[in-house]
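> Return a 3D structure for these sequence lines:
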Amino acid sequence: METQKKNAEKAKAMNEYQTEAKLRAQKTAKLRELRLARDEAERAAEALKPVEPKKKRASRAAK
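You can find the predicted model right below:
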């Protein structure tokens, strides 16, 4: 009787642990997907910006 109760509690705890691990993995995958999409959007926006030419320094002789 006591052994059955312990086994039932153990099974319940393992089930909860596995459920939490599965949810954590799903959340991590979703966050990774969102981060990669954000990074890709930032790269695309950066590529569309015009490149400003670098300003040349005035030479000392010109001063």
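> Could you report the pLDDT at the residue nearest in space to the middle of the chain?
Geometric centre of the chain, nearest residue: R32, 3.4 Å, by Cα atoms, centre = their mean. Here the pLDDT value assigned to R32 is 98.
> That one is in what secondary structure piece?
If you go by DSSP states H and E, R32 is part of helix 2-48.
> how distant is that helix from the center of its chain?
Distance of helix 2-48 from the chain centroid (Cα atoms, centre = their mean, to the nearest Å) equals 12 Å.
> can you tell me how far the residue nearest to the centre of the chain sits from Q26?
With distances taken as Cβ to Cβ, to the nearest Å, R32 is found 11 Å from Q26. Using the backbone N, CA and C atoms, a C-beta is placed for each residue, glycine as well.
> cool, K56 as well?
Per Cβ to Cβ, K56 is found 54 Å from Q26.
> More neighbours: which of the two?
Higher neighbour count among K56 and Q26: Q26, with 10 against 6, using other Cβ atoms under 10 Å.
> how close does the more buried one sit to A44?
In terms of Cβ to Cβ, Q26 sits 27 Å off from A44.
> pLDDT wise, what is A62 at?
pLDDT, read off for A62, is 57.
> same question, K56
Confidence at K56, expressed as pLDDT, is 79.
> before we move on, what about L23?
Residue-level pLDDT assigned to L23 equals 98.
> any idea how far it lies from L31?
12 Å.
> Same question for R43.
In terms of Cβ to Cβ, R43 sits 19 Å off from L31.
> what does E42 give?
Note on E42: its distance to L31, by Cβ to Cβ, is 16 Å.
> same thing with Q18?
On the measure of Cβ to Cβ, Q18 and L31 end up 20 Å apart.
> do the same with E40
Using Cβ to Cβ, E40 is found at 15 Å from L31.
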